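Visitor: here is the input, now give the coordinates:
(one chain, ligands or ions: 1)
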Amino acid sequence: MNKNDLRHYESLLKKERKQVIQEIENIEQKIKIDSPEGNVDTNPYPYHWADVATQEENKEMDSQILSQMSKKLEMIDSALEKIRQETYGKCEICGKSVEKERLEIIPYARYCKECRAKLDAQNR
Ligand SMILES: [Zn+2]
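Guide: Purely as a prediction, here's the structure:
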């Protein structure tokens, strides 16, 4: 992979990183607003039970997305680190180059198509 390629994927990664951080901030903001703390004392019956259930569900979903996003952020950061060390684009299992069309879609991919497929088969 030459320097131009690396620069291309670096910019893809940085763009993706910005979006992920934005998303994390949005969710954190939302969780803060949804949090009922503060008006519990002033109003003994602030919520209808159905609302509470929906809120709990939403919270669960939000925290799931949040953990997915922070995982993604980690992968993006480690890919950016690999670009700095010029080891970017190599499969972490077999050491072969990860397919470029794959990196185009998932610039933080750690494995080549073949190894990914094997891992997926194992996890099933
Ligand atoms: Zn591989």
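Visitor: lowest-scoring secondary structure element of the chain by mean pLDDT?
Guide: Least confident helix or strand of the chain, by mean pLDDT, DSSP states H and E, is helix 49-84 with a mean of 90.
Visitor: next, count neighbours for Val52.
Guide: Per other Cβ atoms under 10 Å, the neighbour tally for Val52 reads 12. (Each C-beta comes from the backbone N, C-alpha and C, glycine too.)
Visitor: do Glu23 as well
Guide: Glu23: 16 surrounding residues under other Cβ under 10 Å.
Visitor: my read is that it contacts Met69, right?
Guide: Yes. Judged on Cβ atoms under 8 Å, Glu23 makes contact with Met69 at a distance of 5.5 Å.
Visitor: what is whichever helix or strand comes after the least confident helix or strand of the chain packed up against?
Guide: Next along the chain after helix 49-84, taking DSSP states H and E as the criterion, comes helix 100-105. Secondary-structure packing of helix 100-105 (3 or more Cβ pairs under 8 Å, 6 or more residues apart in numbering; DSSP states H and E): helix 3-34.
Visitor: I appreciate the help and will end here.
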